[in-house]
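Student: what would the 3D arrangement of this be:
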Amino acid sequence: MKRKLVSVMVALCMPAFLFAGGLVTNTNQSASFIRMPALDAVIGIEGVYYNPAGLAQLENGLYVSLSNQYINQKRSVTSTFPTLNSSDYDGVVKAPLFPSAYVAYKANKFVFSFAFNPIGGGGGAEYDSGLPSFESMVSQIPGMVTLLGIPTTAYSLDLFFKGSSTYFGYQAGISYAINDAIGVFGGARYVTAKNTYEGNISDIMINPQHPLVNPTGGMMLASTFFTEIGQPVYAAMTADAEVDVVQQGSGVTPIIGLSIVASEKLNFGVKYEFKTNMELTTETKVDGTGLFPDGEVISNDMPAMLTLGVGYKPIDKLSVSGGFHYYFDKSANYGKKINGAFVENTDVIDNNYWEAAIGLEYQITDNIFASTGYLYTQTGVNDNYQSDMAHSLNTNSFGVGGKYLVNENLGINIGFMTTLYTSYTKDYAAVAPTTPAYSETYNRSNMVFAIGIDYKF
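Tutor: Here you go, the predicted model:
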């Protein structure tokens, strides 16, 4: 039990990827995206990430874009497991700093560009009362002790954990204008990944009414009780445990792109990011569980991704854009574990993840642009993947905002986006008299505020 309890605690600290993108990829990479999440054919500085080949259609000069997002995500899990003290578990993921930086220099037919952004990770979940998969194991101790002939009705515990996940991307590449209509791009992104887990489980308590050890039936440490009645195995299972672990690694993502400006009113963008082969090496400072051997190497790929975009101007002041993203999840090794053992992607993923977006932007005045957009995501994971610790849900995101041109060289972007998730209910079969059939429902909601500046020197 002890190994299971701490493995759940550490799973709570697993990377919390933030709302836009595939299973492990963030695509919310600018303030412009938050106000209009369909930038895959954009001709502008945001194209360093979204449509790098389209940079070839810019005018000569040096372009810089800086933005930050404040992200607040709420998570909820509801369980019908009968012995839990509570059926509702709420958590929060916060990322007050989620920066993106882009630089592009256009000289005739060539554009040299650089990008920095949190390409994955960026937040950690905090549950004040843990999660049902953790507490359900502790909640069965009173029933187990009662079966031994010692009436026990209550339990409590203290859980401390904190985790962080940081996947930074450093992208560089060259765009080239074949002619006025066609641009191409070639480049790469260097990804550094770091996950940290720190926490402990302590003070697992129960109220056994034992005539010699605990005649009053008050709350006492479970490990002490099991020691007193001569059950050293159970005493070890319920003893305090601590974990302090860091996992680090890096990988390279080759990227190619194509941009076609069919006319003054119509243009297209295509980008393909190859799979990022990445492994993380475990550095163990404290491990009271034996779950994290120092020096262990685990796979942690980021999947290949194809994006398609179109931009159209039906009238001079109105722009309409659309985008489609497809993630090749089934061919990436995520290092997914079930019951402590690594599993193949085909065991937990039926279909590849995809998302589609549409955006509108209207020029109110020469200096003010208003925009809105919608993003839909469709996950491809199956029931085996879903759990209270790691689940993937379909989403509907709505963005709104605007851009203000201070002058011909300086623009300010402001955006707000809310994401609604489609809840998922998973049924668990009974496996023992103390573990009956039950169900869990997972849901989330998300809000993002973003601000950014674009400047041309």
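Student: can you give me the buried ones in stretch 402-410?
Tutor: Gly402, Lys403, Leu405 (16 or more other C-beta atoms under 10 Å). All C-beta atoms are positioned from the backbone trio N, CA, C, and that covers glycine.
Student: using PDB, list the CA coordinates for that stretch.
Tutor: The C-alpha trace of stretch 402-410 is given here as PDB (Å, rounded to 0.1, in the frame of the first residue of the first chain):
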ATOM      1  CA  GLY A 402      -8.300  43.400 -29.700                       C
ATOM      2  CA  LYS A 403      -5.200  45.100 -31.100                       C
ATOM      3  CA  TYR A 404      -4.400  48.800 -30.800                       C
ATOM      4  CA  LEU A 405      -1.800  50.400 -33.000                       C
ATOM      5  CA  VAL A 406      -0.100  53.100 -31.100                       C
ATOM      6  CA  ASN A 407       1.700  54.100 -34.300                       C
ATOM      7  CA  GLU A 408       2.700  52.300 -37.500                       C
ATOM      8  CA  ASN A 409       5.500  50.400 -35.700                       C
ATOM      9  CA  LEU A 410       4.000  49.600 -32.300                       C
END
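Student: which ones among the buried residues of stretch 402-410 map onto strands?
Tutor: Counting by DSSP state E, these place Gly402, Lys403, Leu405 in strands.
Student: which one is the second one nearest to, not counting chain neighbours?
Tutor: Take Lys403 and drop its neighbours on the chain: the residue closest to it by C-beta to C-beta, 6 or more residues apart in numbering is Phe369, 4.3 Å away.
Student: same check, this time on the first one
Tutor: Once flanking residues are discounted, Gly402 sits nearest to Ala370: 4.8 Å by C-beta to C-beta, 6+ apart.
Student: and for Leu393?
Tutor: With C-beta to C-beta, 6+ apart, the residue lying closest to Leu393 is Tyr421, at 4.4 Å.
Student: try Asp40
Tutor: Using C-beta to C-beta, 6+ apart, the closest residue to Asp40 is Gly309 (2.5 Å).
Student: what of Leu157?
Tutor: In space, and not counting its chain neighbours, Leu157 is closest to Ile204: 4.7 Å by C-beta to C-beta, 6+ apart.
Student: quick check, the one you found in contact with Ala222.
Tutor: Yes: counting by C-beta atoms under 8 Å, Ile204 touches Ala222, with 4.6 Å between them.
Student: on that earlier part again, contacting residues for the residue nearest to Lys403?
Tutor: Counting by C-beta atoms under 8 Å, 6 or more residues apart in numbering, Phe369 touches Glu361, Tyr362, Gln363, Gly402, Lys403, Tyr404, Leu405.
Student: Provide the backbone phi and psi angles at the third one.
Tutor: This means Gln363. With angles defined as degrees, to the nearest 10, Gln363 sits at phi -90, psi 100.
Student: and the residue nearest to it when sequence neighbours are not counted, how many neighbours?
Tutor: Nearest residue to Gln363 in three dimensions, chain neighbours excluded: Lys317, at 4.2 Å (C-beta to C-beta, 6+ apart). Neighbours of Lys317 under the rule other C-beta atoms under 10 Å: 12.
Student: and for Gly290?
Tutor: Per other C-beta under 10 Å, the neighbour tally for Gly290 reads 9.
Student: please renumber so the chain begins at 14
Tutor: In the new numbering, first residue 14, that becomes Gly303.
Student: where's it relative to Asp53, distance?
Tutor: 46 Å (C-beta to C-beta, to the nearest Å).
Student: again, but for Asp360
Tutor: According to C-beta to C-beta, Asp360 stands 32 Å off from Asp53.
Student: show me which of these two is the more surrounded one.
Tutor: Neighbours per residue, other C-beta under 10 Å: of Asp360 and Asp53, the larger number sits with Asp53, 26 against 13.
Student: so that one makes contact with Gly336?
Tutor: Yes: taking contacts as C-beta under 8 Å, Asp53 lies within contact range of Gly336: 3.7 Å.
Student: overlap in contacts, the two.
Tutor: With C-beta under 8 Å, 6+ apart as the test, Asp53 and Gly336 both reach Thr320, Leu321, Gly322, Val323, Ala370.
Student: for the helix or strand where the residue nearest to Lys416 lies, which positions count as buried?
Tutor: For Phe382, the host element (DSSP states H and E) is strand 381-391. Under the neighbour-count criterion of 16+ other C-beta under 10 Å, strand 381-391 has Phe382, Ser384, Thr385, Gly386, Tyr387, Leu388, Thr390 buried.
Student: spit out the residues that contact Ile217 and Ala235 alike.
Tutor: Ile154, Tyr168, Thr251.
Student: which of the residues you listed are buried?
Tutor: Using 16+ other C-beta under 10 Å, the buried members of those are Ile154, Tyr168, Thr251.
Student: okay, those in TSV with distance to Asp101, pLDDT and secondary structure next?
Tutor: Output for those, formatted as TSV (distance: C-beta to C-beta, whole Å; pLDDT from 0 to 100; DSSP: H, G, I helix; E, B strand; the rest coil):
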residue	distance to Asp101	pLDDT	secondary structure
Ile154	21	92	helix
Tyr168	18	95	strand
Thr251	25	91	coil
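Student: looking at those, which is nearest Gly176?
Tutor: Thr251 (23.3 Å; C-beta to C-beta).
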